[in-house]
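**Student:** Let me see the structure of the following:
(chains A and B)
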Amino acid sequence: MQGLVKRYGKLVALDHFSLQVHEGEIVGLLGPNGSGKTTALNCILALLKYDKGTVEVFGKPMRPDAYDLKRNIGIVMQNVAVFDELREEENVDYFCGLYVEDARERRRLVDEAIDFVGLGGFRKYYPKKLSGGLLRRLNIACGIAHKPKLLILDEPTVAVDPQSRNSILEGIKELNRQGATVLYTSHYMEEVEQLCTRVVIMDQGKPLATGTAAELKAMIGRGETITVETYMLAPDDLERIRRLPNVTQAYYKDNQLRVHYDGGLHNLLHLLDYLKQREIPFNRVFSEQPTLNDVFLEITGRHLRD
Amino acid sequence: MFMHVFTYRLKCLVRNRQTVFWTLFFSLLLATMFCLAFGHLTSEREKFEPIKAAAVDNQAYREDVRFRQVLEHLSQPGDNQILDLVIVGKQEAEKLLEEGAVFGIIAVGGQGGSNPGAVRTQGGQAEAEAETETDVDTDADTDTDTGTGTDTGADTGTDTGTDTITLTVKERGLKQSILKAILDEYVQASRTVASILATNPGAARQLAAELQQRKGYTEQVSFSDAVPDTMLGFFYALIAMACLYSSFWGLRNTVDVQADLSSKGARRSVAPTHKLKVVVADAAAALVVSFAEVLALIAYMGLALKVRFGSQLGYVVLTCLTGCIAGVSLGHFIGTYVRGSEGFKTGIMIGANMAMSFLAGLMWVDIKHIVHLKAPVLAYINPATLIADAFYSLYVFDTHRRFFLNIGLLCLISAVLCTASFLRLRRERYASI
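**Tutor:** Down below sits the predicted model:
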């Protein structure tokens, strides 16, 4: 995807947006609602007209009639896209049948997809009888049954319980291990961080930063933050803590000592050693690693879920 | 691939209970209600029951052989029986009339006539309980009117003298009117005979022969052997409406195939299946379902409600098929060209269907003729009118010219709607989703 521009009237949904996904990657498009993630996916899939730019899939231009390319693409929509009138296995069979004509081969693929998402016990169920989490899994099964080389997932875990979410994320990792390249959009930074080998942070139709989660965090120059509950801390002790290795900032307020680091190893050990040495009593200790939200906050001045 | 899409589409449509209700059971319900509401109109008109009447058994009646013979003839059991006559005494006759067992009392003599030769009505006419009398003077007193003084009892050898025929009824109604008409006819014929014989006594034989052969000077010409039935107009319009309800299936198809209308449409649009193949397979499934529904409706009407569709079953089926094609095409057209949510499109479609059915005479039969007179173009582009008229022409006319004109126009409309819809549907990239 190169220099894509998509306008809705005066609103610029994609502003010279470029993205390259390499074979075997799991690329996460991370951005708040309305940042242009779904629009970008729809342009890639040749569903949406765009004003400028080019889209290539597997090295070939992507067009609505590029059936040879479409054959190797799987899509999991943000909204569940299944027929209420068809049973679970009929839905999977129907959508798989749009890609695979051979009935026996299709039967095998459908069975595999159903087992893969753990819906073997619900084959005869109509979608309305399935819980939200199971429905999402069915939605995924319909998108992956034909074993696509490129799997595009648009916020597949929205409104899903944590257990089902973990199951879905593990499933996507497994598909990637089996050879699928994955393009994944979400506004849940934890998911993207947990799943993706590369992350593209976007906002207002533009890519803001690209890299692995670690690279993005490193980019903002902020390390972990350690918080210690203590009821007595002399001002000179606070000053000494500020001079410990890697410490960029330290302050004491409401019986809590907060220390920010710019990186380095064993920061918690050094801090606790100091407190022990000075016989300063303390209760609970927290260590927070920087998040992609911090990255987004650093770049845009806003939180991801604003 | 086509069969795969077609089979699953068929399953989807058949299992869609809500739409099945509106497209099948609603029509069955309406047909039943039509039959319950209007069915008795047809049956009353078709089944003529002999009119119950009482003749007063008195001296004058027994002596008026000619009149007695006429009444006996009209009371003979069979297809041509008009009267169900009982001959009783005056009091018994009055009792029967009071109880409603007879519609009128026919009496000869006794009452006399203040205005011989004319029909006279006595009593309170507007009140149901009031008694109405109709006096009919038969013969001898015609002297005063005609001035001929001829005895019309010559044929039978019985002169009724001053006797008057009296009809007494309790209330006004169709059957009472028929009784009166019979007696009027008898009086008129008697007077005519009397008049002719008075001027030309030698013409008796010829007159008797001609009276045996009544000649009508107007002739009813039917386009076919069928008996015209206003009720059929309602049923035809109902079938037309059922055909047009196929548009529900067409609309459902367009929603499920367009990426900007449903996520299912988006998923199908990114699949490596040609759009035309998907659209045609979906439309074929919709047609099969709707056609089966209309056939079920026809079968229900024909077998359960005893609605007559003539003997041309093949053409009836052809009409249903063409009507369903037009309905599915209409649904596709509205689904692709009307912008808005699925609910909005459905509302527009229901409105269009009802408007077309109204103009085809579903709610008011006469509107169909008014449209034909005032805006004939509207009749030629309204699929509901064309379907209803195709059925009607099958039933009424022996030739198929008008039938095939309707079918041809329906096919043309369907082709235009289908082409326009596909041209829009094949637009494979959307401005927004």
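**Student:** what does chain A put close to chain B?
**Tutor:** Counting by C-beta under 8 Å from any C-beta of the partner chain, the residues of chain A lying close to chain B are A:8, A:38, A:42, A:45-49, A:64-65, A:67-68, A:70-71, A:73, A:75, A:77-83, A:85-86, A:90, A:93-95, A:97-99, A:101, A:142-143. C-beta here means a position set from N, CA and C on the backbone, and glycine is covered the same way.
**Student:** In helices only, show me those residues.
**Tutor:** A:38, A:42, A:67, A:68, A:70, A:90, A:93, A:94, A:95, A:97, A:142, A:143 (DSSP state H).
**Student:** Now a PyMOL select for only the buried ones of those.
**Tutor:** Selection of buried members from these for PyMOL, criterion 16 or more other C-beta atoms under 10 Å in any protein chain shown:
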select buried, chain A and resi 38+42+70+90+93+94+95+97+142+143
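**Student:** Tabulate the ones in helices among the residues of chain A next to chain B (CSV), appending pLDDT.
**Tutor:** Shown next, in CSV, are those (pLDDT from 0 to 100):
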residue, pLDDT
A:38, 91
A:42, 93
A:67, 91
A:68, 92
A:70, 94
A:90, 96
A:93, 96
A:94, 96
A:95, 96
A:97, 95
A:142, 95
A:143, 93
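**Student:** Which parts of chain B are strands?
**Tutor:** Along chain B, the segments classed as strands by DSSP state E run B:51-56, B:83-88, B:104-108, B:120-122, B:132-137, B:164-169.
**Student:** nearest to chain A, of the ones you listed?
**Tutor:** strand B:51-56 (60.2 Å; C-beta to the nearest C-beta).
**Student:** can you list the residues of the stretch 1-150 of chain B near chain A?
**Tutor:** Counting by C-beta under 8 Å from any C-beta, the stretch 1-150 of chain B sits next to chain A at B:1, B:4, B:5, B:8, B:11, B:12, B:13, B:15, B:16.
**Student:** Recalculate using a threshold of 7 Å.
**Tutor:** Proximity of the stretch 1-150 of chain B to chain A, by C-beta under 7 Å from any C-beta of the partner chain, involves residues B:1, B:4, B:8, B:11, B:12, B:15, B:16.
**Student:** Closest one of the residues you listed to residue A:258?
**Tutor:** residue B:12 (58.6 Å; C-beta to C-beta).
**Student:** picking that back up, between the ones in helices among the residues of chain A next to chain B, which is nearest residue A:293?
**Tutor:** Checking those against residue A:293 by C-beta to C-beta gives residue A:38 as the nearest, at 20.4 Å.
**Student:** Could you find the closest non-adjacent residue to the closest one?
**Tutor:** residue A:154 (5.6 Å; C-beta to C-beta, 6 or more residues apart in numbering or on different chains).
**Student:** who does the one you found bridge with?
**Tutor:** In this entry, residue A:154 is beta-bridged to residue A:185, by DSSP bridges.
**Student:** Report the contact partners of it.
**Tutor:** By C-beta atoms under 7 Å, 6 or more residues apart in numbering or on different chains, residue A:154 lies in contact with A:38, A:41, A:76, A:77, A:78, A:185.
**Student:** hang on, the first one packs against residue A:79?
**Tutor:** No. Here residue A:38 lies out of contact with residue A:79, judged by C-beta atoms under 7 Å, at a distance of 10.3 Å.
**Student:** relative to its centroid, which residue of chain B is most remote?
**Tutor:** With distances taken as C-alpha atoms, centre = their mean, the residue sitting farthest from the centre of chain B turns out to be residue B:272, at 54.4 Å.
**Student:** Determine the number of other residues adjacent to the residue of the stretch 101-250 of chain B found nearest chain A.
**Tutor:** Nearest residue of the stretch 101-250 of chain B to chain A: residue B:249, at 12.6 Å (C-beta to the nearest C-beta). Look at residue B:249: counted by other C-beta atoms under 10 Å in any protein chain shown, it has 28 neighbours.
**Student:** For it, which non-adjacent residue is closest in space?
**Tutor:** Counting by C-beta to C-beta, 6+ apart, residue B:286 is the residue found nearest to residue B:249 once chain neighbours are left out, at 3.6 Å.
**Student:** Done for today, thanks.
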